[in-house]
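>>> Let's see this in three dimensions:
(2 chains)
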Amino acid sequence: MIKSHLDMKLLEKCSQCGACYDICPACLNFAGYDPRAAIKDILEGDYEKWLKSANIWQCLECHYCLEMCYQHYGFENAMTALRTIATKKGYYPAQVKRGWEMFVKTGRLGEPNEGARKRLGLPGAKESGKEEFLKLCELLNKKRKAG
Amino acid sequence: MKEFAVFWGCTIQTRFPFLEKSTRMVMEDFKLPYRDIDGFTCCPEKSLVNNVDHAVFVVTAARNVSLVDELDYDLVSPCTGCVSNLATVKEKLLHDPREKETVNRLLKEVEREFKGRAKLSHLVPFFHDTVGVYRIKQKIKRDFSGMRLAVHYGCHMIRPSHALKNDDPLEPKKFDNLLRALGAASMDYMTKMTCCGQGLDRVDQHDNALHLAREKLIELRKLGADAMVLCCPSCFLQFDNNQFLMAKEGEKLSTPVLYFTELLGLALGHSPEELGIDKHRVDCTPFLEKWASLREKPPWEKGLEEALNLPGALT
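Model prediction:
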């Protein structure tokens, strides 16, 4: 399953490198956040244990690893793949679940605070593209079902 | 200057309308050809949407870009995340004709087309490159000389650099240049380039988010920064709101946090209230008072000539 999300050849090299370790804010601050260990497990097909781990959600997507990476790949890709599979299996942090539900329903992560905006003398917020967005999501889902 | 649409993003319009106000005020001052347009959705937020569904992430961003493509506008946003996400997808599609075709086939169903022509910029590099440091210097009424300000770039203002291409991704300069143009000293500090950590607050890891906020705020307090300056609503949430929450628990780190547009607005002569600085949760009064006290001091060159001409002054 995970192979469709990742380039295993690049990941193989990634597991032997570590150019990004000394700059990654999560590596520097959180015990147990060890992307190379996760990558090793992915390569060995033994990544299940990471799916329920809080560690995979600690990647801040600051893209430092991508900038440091000799392959321009970065272990954020591995974290993204693990998160994607985790969410498919229903292992979300509660906030991610709430955020996602709001997003697919409204196309936004919050509605403009019109009361406060009016008090500040701001013009009314422009219309959102909600309808088109919902239609696109529906089309995508249909396409997927059709294979 | 080409007309551009402003991409406000969800966070500013939902939680921080005063940031929208100060942004509009400084854009008006420089008579920038900005437009508000119908039809934008969430950019979408990569760390949420891309993790759950990559295809939805790509098509949503591509649709947002197609709106400005159609009008032949550029796009500018006061949110780092929005620009970074939109630019990431734009770059991806421009380099992957097959995926671009797939996306456009879908967009055609809602009568849109992604071309990827529009230039996408964050407000800070936009002010630096397009408005220009010189024009800013000419326009300001009062500068910040004597103030020590700490820039916090925000990861997504500059990274991923292959998509944004606007500054050095490891040692950026443009935000610092703008602060210097406003007469302030832009401080160098150890944790300057560290991520704010706000993302952790969105995955049920509030304590870890505070841990990263603390790291930077403690350093800035030790160094005696007058304020932190940033231009990202997510970083603002982290350093203003979370700092306030820490203070409520007895941990007073007391570093005012200013949005770039507020700092610029002050320099252009607007009052803190007009700019909405009184709506921050961390009190900005110490910063404003120090700035006011500097106004009362005589300029450094006053009396210098007489002093130098006193007998024995230079021996």
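>>> three-state assignment of the closest residue to A:L66 other than its chain neighbours?
Nearest non-adjacent residue to A:L66, counting by Cβ to Cβ, 6 or more residues apart in numbering or on different chains: A:G74, 3.8 Å away. No exception for glycine: its C-beta is placed from N, CA and C like everyone else's. Here A:G74 is coil, with the state taken from DSSP: H, G, I helix; E, B strand; the rest coil.
>>> tell me, how many neighbours does residue 141 end up with?
Going with chain A. 13 (other Cβ atoms under 10 Å in any protein chain shown).
>>> I was after chain B.
9.
>>> and what of the one 4 residues further on?
Counted by other Cβ under 10 Å, the residues lying close to B:S145 total 12.
>>> follow-up on the earlier one: per-residue pLDDT of the residue nearest to A:L66, please?
In this model, A:G74 is scored at 80, pLDDT.
>>> For it, give me its contacts.
Neighbouring residues of A:G74 by Cβ atoms under 8 Å, 6 or more residues apart in numbering or on different chains: A:C14, A:C20, A:H63, A:C65, A:L66, A:M68.
>>> Any figure for the gap between the fourth one and chain B?
Here the criterion is Cβ to the nearest Cβ, to the nearest Å. By it, A:C65 lies 10 Å from chain B.
>>> Does that residue touch A:A78 like I think?
No - the criterion here is Cβ atoms under 8 Å, and A:C65 misses it with A:A78 at 9.7 Å.
>>> Does B:S121 touch B:C79 like I think?
No - using Cβ under 8 Å as the test, B:S121 is too far from B:C79 to be in contact (11.7 Å).
>>> More neighbours: those two, which one.
Just comparing B:S121 and B:C79: by other Cβ under 10 Å the higher neighbour count belongs to B:C79, 28 against 22.
>>> Give the closest residue to the more buried one in space, chain neighbours not counted.
Closest residue in space to B:C79, ignoring its immediate chain neighbours: B:G9 at 4.0 Å, by Cβ to Cβ, 6+ apart.
>>> who touches the one you found in this structure?
Applying Cβ under 8 Å, 6+ apart, we find B:G9 in contact with B:C42, B:C43, B:S77, B:P78, B:C79, B:G81, B:C82, B:P233.
>>> Please identify the nearest residue in space to the first one, excluding sequence neighbours.
Translated: B:C42. Leaving aside its sequence neighbours, B:C42 sits nearest to A:R108 (Cβ to Cβ, 6+ apart; 4.7 Å).
>>> Please state the backbone phi and psi of that neighbour?
phi -140, psi 170 (degrees, to the nearest 10).
>>> shared neighbours, A:C65 and A:A78?
Common neighbours of A:C65 and A:A78, using Cβ under 8 Å, 6+ apart, are A:P35.
>>> Just the residues contacting the helix ranked longest in chain A, thanks.
Counting residues, the longest helix found in chain A (DSSP state H) is helix A:130-146. Residues from elsewhere that reach helix A:130-146, judged by Cβ under 8 Å, 6+ apart: A:104, A:106-108, B:39, B:41, B:55-56, B:59-60, B:63, B:106-107, B:109-110, B:112.
>>> let's go with 10 Å and repeat that
A:103-108, A:129, B:39-42, B:44, B:53, B:55-56, B:59-60, B:62-64, B:67, B:102-103, B:105-107, B:109-112 (Cβ atoms under 10 Å, 6 or more residues apart in numbering or on different chains).
>>> same thing with stretch A:31-49?
With contacts defined as Cβ under 10 Å, 6+ apart, stretch A:31-49 is touched by A:1-3, A:5-6, A:8, A:11-12, A:14-18, A:20-21, A:24-27, A:50, A:53-59, A:65, A:74-79, A:81-82, A:85, A:89, B:208.
>>> Around the nearest residue in space to B:H128 that is not next to it in sequence, how many other residues sit close by?
In this structure, B:H128 finds its nearest non-sequential neighbour in B:K174, 4.2 Å apart by Cβ to Cβ, 6+ apart. By the criterion of other Cβ under 10 Å, B:K174 has 22 neighbours.
>>> any idea how far B:H152 is from B:K174?
B:K174 is 14 Å from B:H152, where distance means Cβ to Cβ, to the nearest Å.
>>> Disregarding residues adjacent in the polypeptide, which is nearest to B:D176?
Going by Cβ to Cβ, 6+ apart, B:D176 has B:S186 as its nearest residue, at 4.2 Å.
>>> An error on my part: the question was meant for B:G183.
B:D143 (2.9 Å).
>>> dump the residue contacts of B:C232.
Here B:C232 is in contact with B:9, B:11-12, B:19, B:77-84, B:122-124, B:152-157, B:196, B:198, B:238-239, B:259-260 (Cβ under 10 Å, 6+ apart).
>>> Which ones among the contacts of B:G9 map onto strands?
Among the contacts of B:G9, DSSP state E puts B:S77 in strands.
>>> Pick out whichever of the contacts of B:G9 sits closest to chain A.
Nearest to chain A among these: B:C42, at 4.7 Å, using Cβ to the nearest Cβ.
>>> can you map out the strands along the chain?
This is for chain A. With strands called from DSSP E, chain A shows none.
>>> The intended chain is chain B.
B:4-6, B:34-35, B:74-77, B:120-122, B:148-151, B:185-186, B:227-230, B:257-259.
>>> now the ones you listed as JSON lines including distance to B:I218 and mean pLDDT?
As requested, those are exported to JSON lines (distance: least, Cβ to Cβ, whole Å; pLDDT from 0 to 100):
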{"stretch": "strand B:4-6", "distance to B:I218": "35", "mean pLDDT": "98"}
{"stretch": "strand B:34-35", "distance to B:I218": "38", "mean pLDDT": "98"}
{"stretch": "strand B:74-77", "distance to B:I218": "31", "mean pLDDT": "98"}
{"stretch": "strand B:120-122", "distance to B:I218": "28", "mean pLDDT": "98"}
{"stretch": "strand B:148-151", "distance to B:I218": "12", "mean pLDDT": "98"}
{"stretch": "strand B:185-186", "distance to B:I218": "20", "mean pLDDT": "94"}
{"stretch": "strand B:227-230", "distance to B:I218": "12", "mean pLDDT": "98"}
{"stretch": "strand B:257-259", "distance to B:I218": "15", "mean pLDDT": "98"}
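>>> okay if I get those strands as TSV plus distance to B:A292?
Output for these, formatted as TSV (distance: least, Cβ to Cβ, whole Å):
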stretch	distance to B:A292
strand B:4-6	32
strand B:34-35	31
strand B:74-77	32
strand B:120-122	31
strand B:148-151	16
strand B:185-186	18
strand B:227-230	14
strand B:257-259	15
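>>> do you know which of those strands lies nearest A:A116?
strand B:257-259 (16.0 Å; Cβ to Cβ).
>>> other SSEs contacting the closest one?
helix B:17-29, strand B:227-230, helix B:233-236, helix B:260-267, helix B:272-275, helix B:285-296 (3 or more Cβ pairs under 10 Å, 6 or more residues apart in numbering or on different chains; DSSP states H and E).
>>> repeat that with 6 Å
strand B:227-230 (3 or more Cβ pairs under 6 Å, 6 or more residues apart in numbering or on different chains; DSSP states H and E).
>>> what's the burial count for the closest residue to chain B within chain A?
Closest contact between chain A and chain B, by Cβ to the nearest Cβ, is at A:G110 (3.2 Å). Neighbour count of A:G110, defined by other Cβ under 10 Å: 16.
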